[in-house]
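Trainee: Requesting a structural model of the entry that follows:
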Amino acid sequence: MYRFVIERDLPGVGSLSDSQIREASQASGRALQDIGQGIQWVRSHVTADRIYCEYLADSELVVRDHANRAGLPANRISEVKRVIDPLTANAV
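Mentor: Numbering: from 1, shown residues only. Sure, this is the predicted structure:
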């Protein structure tokens, strides 16, 4: 599987209620169940007007299929080439 970051432009998303966020999450979960294998939601980060989602998936096409089924935008999908963190500075 490959790691992807998906940018979803959703004006005002940071102001949605807990129940509205739950509904969107449930729509995503249903889409994942419908697709079955080949995609996994890792986490999402919500800002004022955008959601940044991290997924593991077999391909970008699977990520796009998920977005369509969930009724969510996928304005930009980027394959992650490398993950770095504070421990990277200490790598030998």
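Trainee: Name all residues that make contact with the nearest residue to Ile39 once chain neighbours are set aside.
Mentor: The shortest distance from Ile39 to any residue that is not its chain neighbour, by Cβ to Cβ, 6 or more residues apart in numbering, is 4.3 Å, and that residue is Ala57. C-betas here are computed from N, CA, C, even on glycine. Contact analysis of Ala57 by Cβ atoms under 8 Å, 6 or more residues apart in numbering lists 1-2, 4, 38-40, 63, 66.
Trainee: Out of the helices and strands in the chain, which is least certain?
Mentor: Within the chain, no helix or strand scores below helix 18-35, which has a mean of 94 by mean pLDDT, DSSP states H and E.
Trainee: tell me which residues of the helix or strand following that helix are tucked away?
Mentor: Helices and strands here follow DSSP states H and E; after helix 18-35, the next one along the chain is strand 39-46. Neighbour-count burial for strand 39-46, with 16 or more other Cβ atoms under 10 Å as criterion, is recorded at 39, 41, 44, 46.
Trainee: Nearest to Leu10, out of these: which one, please.
Mentor: Ranking the buried residues of strand 39-46 by separation from Leu10, with Cβ to Cβ as the measure, puts Val46 on top at 8.8 Å.
Trainee: Report pLDDT for that closest one.
Mentor: Per-residue confidence (pLDDT) for Val46: 96.
Trainee: Roughly how far does it sit from Thr88?
Mentor: When Cβ to Cβ, to the nearest Å is the yardstick, Val46 and Thr88 sit 26 Å from each other.
Trainee: for the least confident helix or strand of the chain, packing partners?
Mentor: In this structure, helix 18-35 makes packing contacts with strand 39-46, helix 60-70, judged by 3 or more Cβ pairs under 8 Å, 6 or more residues apart in numbering; DSSP states H and E.
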